[in-house]
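In: below is the sequence, then the predicted model.
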2 protein chains.
Amino acid sequence: MAYELFYWPEIQGRGEFVRLALEDAGAAYIDVARGSESEGQGVPAMLSLMRGEGISHIPFAPPFLRDGDVIVSHTAAILLYLGGRIGLAPIDEEGSLWTHGIQLTITDIVKEVYNSHHPIDEDKWFHEQKDEAIARATVFRRDRMPKFLGWFERILQANPAGADHLVGHAVTYADLSLFQLIEGLRFAFPLGAERELAKLPRVSALHKAITERPRLKAYLASARRVPFQETGIFRRYPELDG
Amino acid sequence: MAYELFYWPEIQGRGEFVRLALEDAGAAYIDVARGSESEGQGVPAMLSLMRGEGISHIPFAPPFLRDGDVIVSHTAAILLYLGGRIGLAPIDEEGSLWTHGIQLTITDIVKEVYNSHHPIDEDKWFHEQKDEAIARATVFRRDRMPKFLGWFERILQANPAGADHLVGHAVTYADLSLFQLIEGLRFAFPLGAERELAKLPRVSALHKAITERPRLKAYLASARRVPFQETGIFRRYPELDG
């Protein structure tokens, strides 16, 4: 049976990290909230589960995944669940948890990227918190982005199987998520991210290698890949770059 | 062999969620950074691992746990690893992941609590970002804390085994973490948190039940439980409450 992914239909957002894994693996899945309401899909189907209708494992927020009777919430937990099943993570506990820990670090920087344009109130517009966003984004570009990206470079360098992958000698969902993070940072901070990536040969090489994976490449060229835009996590506001 | 927990020694911080689980379970553990440098412990032992000396699974930040050769980073991943082993989580995959997902939601609100006093720059003082913190804390108290705490109330209500626990019919690390979250919120926002908790009978009852667990009670009364203070995640600044 196909996996059912529930996420806001019109943005990449956090759901995109799950989509990339499912697409790269060639796994059968339904992007439920993008489906037709007449077939019981669409956003109403997602909101129904968020209200807890017929389930006890109520998600706090999208994305969440349904696999038969199992519901898994949180991007990193979904990828932990899927990883071994779709061939994108080690199946031993130690390797599985190491991959998951890398993903949780990506979760942390993604939250900070979001806060760089919305440091005060997620329900208000960017222009209503622009001064605070400029202050926060300056710290993000100067301190936080280098700290996070530098760590990825270090763990690539420390991988006993070589610096081609974050974990062991094969691609995992963590590599795909790092690719997506870099795509997003380059969109949001074209100056700041490129300057930082120029110092990180291993991260840059991994990013490039991921772009050459056939199924992922086909996905990125498809209509299923919605563009980055100014309603998602990664937003391009020139005031925040530099 | 005893588990080795690595975390900043002088604050509760994120490490406290792990300490509570280990203490409640009566598990043997060493709080390494609180140990003696002459015995190879202390903060230098922690920093050595963070520099990657002798290991390839380099932590991004504390807390992390070492169990023999295995290193696990991130509070929620450490608890996922420990949960089944110390009797504080279901061992089946679905129950284990549901408990983990609850913990990841706690991770998210803990990050927002931190941002309520440091919305702009984690390396600067509170008084250097006080106006922004007042704005952020107002949103936190008005929108975010009710949203998160209301979700805990809902999943307690939806638990098929009854509202005494978040997961199934026994205490898990998620219950202990919710206890700690409420302790922290009541410390940081004595007015705002109490007002919110008054609306949440199931969350309040669970919090009270946890305080009566003998090993946890002994821990909370011990010198190992450092007090809340103004260098951790939960900080009491009267300007941020109301």
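Out: Okay, I see it. Every value quoted in this text rests on a predicted model; they were computed, and no experiment measured them.
In: in stretch A:202-217, which residues are buried?
Out: A:202-204, A:206-207, A:210, A:213, A:216 (16 or more other Cβ atoms under 10 Å in any protein chain shown). For the C-beta atoms, the positions are set from N, CA and C on the backbone; glycine is no exception.
In: can the lengthiest helix in chain A be found next to chain B?
Out: Identified as the longest helix of chain A according to DSSP state H is helix A:93-117. Yes - using Cβ under 8 Å from any Cβ of the partner chain, helix A:93-117 comes into contact with chain B via A:93-94, A:97-98, A:100-101, A:104-105, A:108, A:111, A:115.
In: got the angle for that helix vs helix B:93-117?
Out: Orientation check (axes from the mean of the first three to the mean of the last three Cα atoms, to 10 degrees): helix A:93-117 against helix B:93-117 gives 30 degrees.
In: and the residues of helix A:93-117 next to chain B, which is closest to residue B:74?
Out: Using Cβ to Cβ, residue A:104 comes nearest to residue B:74 of these, at 4.3 Å.
In: quick one: contacts for the closest one?
Out: A:76, B:73-74, B:76-77 (Cβ atoms under 8 Å, 6 or more residues apart in numbering or on different chains).
In: ok, it to residue B:39 distance?
Out: Between residue A:104 and residue B:39 the computed distance is 31 Å (Cβ to Cβ, to the nearest Å).
In: check residue A:178 too.
Out: Using Cβ to Cβ, residue A:178 is found at 38 Å from residue B:39.
In: nearest residue to residue A:1 in space, please, no chain neighbours.
Out: What sits nearest to residue A:1 in space, not counting adjacent residues and going by Cβ to Cβ, 6 or more residues apart in numbering or on different chains, is residue A:68, at 6.3 Å.
In: report how many residues lie close to residue A:50.
Out: 17 (other Cβ atoms under 10 Å in any protein chain shown).
In: distance of it relative to residue A:56?
Out: Using Cβ to Cβ, residue A:50 is found at 13 Å from residue A:56.
In: now residue A:192
Out: 44 Å.
In: need the contact partners of stretch A:181-191.
Out: With contacts defined as Cβ under 8 Å, 6+ apart, stretch A:181-191 is touched by A:12, A:106, A:109-110, A:113, A:116, A:137, A:141, A:145, A:192-194, A:197, A:203, A:207, A:228, A:233-237, A:240-242.
In: which residues does the nearest residue to residue A:109 once chain neighbours are set aside contact?
Out: Excluding the flanking residues, the one nearest residue A:109 by Cβ to Cβ, 6+ apart is residue A:148, at 4.4 Å. Residues near residue A:148 by Cβ under 8 Å, 6+ apart: A:105, A:108-109, A:112, B:60.
In: element containing residue A:148?
Out: Element membership for residue A:148 (DSSP states H and E) is helix A:145-158.
In: my guess is residue A:112 contacts residue A:144. True?
Out: Yes - with contact defined as Cβ atoms under 8 Å, residue A:112 reaches residue A:144; the gap is 5.5 Å.
In: now the contacts of residue A:104 in TSV, with neighbour count and secondary structure?
Out: TSV is the format used below for those (neighbours: other Cβ atoms under 10 Å in any protein chain shown; DSSP: H, G, I helix; E, B strand; the rest coil):
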residue	neighbour count	secondary structure
A:76	30	helix
B:73	25	strand
B:74	28	coil
B:76	30	helix
B:77	25	helix
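In: between which two of these is the distance greatest?
Out: Pairwise distances across the contacts of residue A:104 (Cβ to Cβ) peak at 12.3 Å, for the pair A:76 and B:73.
In: please tell me how far residue A:135 sits from residue A:60.
Out: 29 Å.
In: actually residue A:125, sorry about that
Out: 24 Å.
In: between the two, which is the more surrounded one?
Out: residue A:60 (20 against 9).
In: which residues touch the closest residue to residue A:225 other than its chain neighbours?
Out: Nearest residue to residue A:225, sequence neighbours excluded (Cβ to Cβ, 6+ apart): residue A:219, at 5.9 Å. Neighbour list for residue A:219: A:19-20, A:23-24, A:225 [criterion: Cβ under 8 Å, 6+ apart].
In: where does residue A:219 land on pLDDT?
Out: At residue A:219, the predicted lDDT confidence score is 98.
In: got the CA positions of the helix or strand hosting it in PDB?
Out: Under the criterion of DSSP H and E, residue A:219 resides in helix A:214-220. Taking Å, rounded to 0.1, in the frame of the first residue of the first chain, the C-alpha atoms of helix A:214-220 are listed here in PDB:
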ATOM      1  CA  PRO A 214      18.300  10.200 -11.700                       C
ATOM      2  CA  ARG A 215      15.000   9.900  -9.800                       C
ATOM      3  CA  LEU A 216      15.700  13.000  -7.800                       C
ATOM      4  CA  LYS A 217      16.700  14.900 -10.900                       C
ATOM      5  CA  ALA A 218      13.400  13.800 -12.600                       C
ATOM      6  CA  TYR A 219      11.500  14.900  -9.500                       C
ATOM      7  CA  LEU A 220      13.200  18.300  -9.400                       C
END
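In: surely residue A:65 forms part of a strand?
Out: Yes - according to DSSP: H, G, I helix; E, B strand; the rest coil, residue A:65 belongs to a strand.
In: quick revisit: between residue A:178 and residue B:39, which has more neighbouring residues?
Out: residue A:178 (24 against 10).
In: next, the contact list for the more buried one, please.
Out: By Cβ under 8 Å, 6+ apart, the neighbours of residue A:178 are A:102, A:106, A:152, A:166, A:203, A:206-207, A:210.
In: now swap in residue A:119 and tell me
Out: If a contact means Cβ under 8 Å, 6+ apart, then residue A:119 has A:129, A:132-133, A:135-136, B:115, B:119-120, B:132, B:136 as its contacts.
In: any idea how far the closest residue to residue A:67 other than its chain neighbours is from residue B:137?
Out: Nearest residue to residue A:67, sequence neighbours excluded (Cβ to Cβ, 6+ apart): residue A:3, at 5.5 Å. Separation of residue A:3 from residue B:137 (Cβ to Cβ) stands at 39 Å.
In: tell me which of the two has more neighbours.
Out: Using other Cβ under 10 Å as the criterion, residue A:3 and residue B:137 rank with residue B:137 on top: 27 against 22.
In: who's in contact with that one?
Out: B:116-117, B:189, B:239-241.
In: shouldn't it be within a helix?
Out: Yes - according to three-state DSSP, the state of residue B:137 is that of a helix.
In: burial count for the nearest residue to residue A:15 once chain neighbours are set aside?
Out: Closest residue in space to residue A:15, ignoring its immediate chain neighbours: residue A:7 at 2.9 Å, by Cβ to Cβ, 6+ apart. As a burial measure, residue A:7 scores 26 neighbours (other Cβ under 10 Å).
In: report pLDDT for residue A:7.
Out: So residue A:7 comes in at 98 (pLDDT).
In: chain A: helices as residue ranges?
Out: A:15-25, A:42-50, A:75-85, A:93-117, A:130-139, A:145-158, A:173-188, A:190-197, A:201-211, A:214-220.
In: can you pull the buried residues of the fifth one?
Out: Using 16+ other Cβ under 10 Å as the burial criterion, the residues of helix A:130-139 that qualify are A:132-139.
In: repeat for the longest one
Out: Buried positions in helix A:93-117, judged by neighbour count with 16+ other Cβ under 10 Å: A:95-117.
In: how about the second one?
Out: By neighbour count, with 16+ other Cβ under 10 Å as the criterion, the buried positions of helix A:42-50 are A:42-43, A:45-46, A:49-50.
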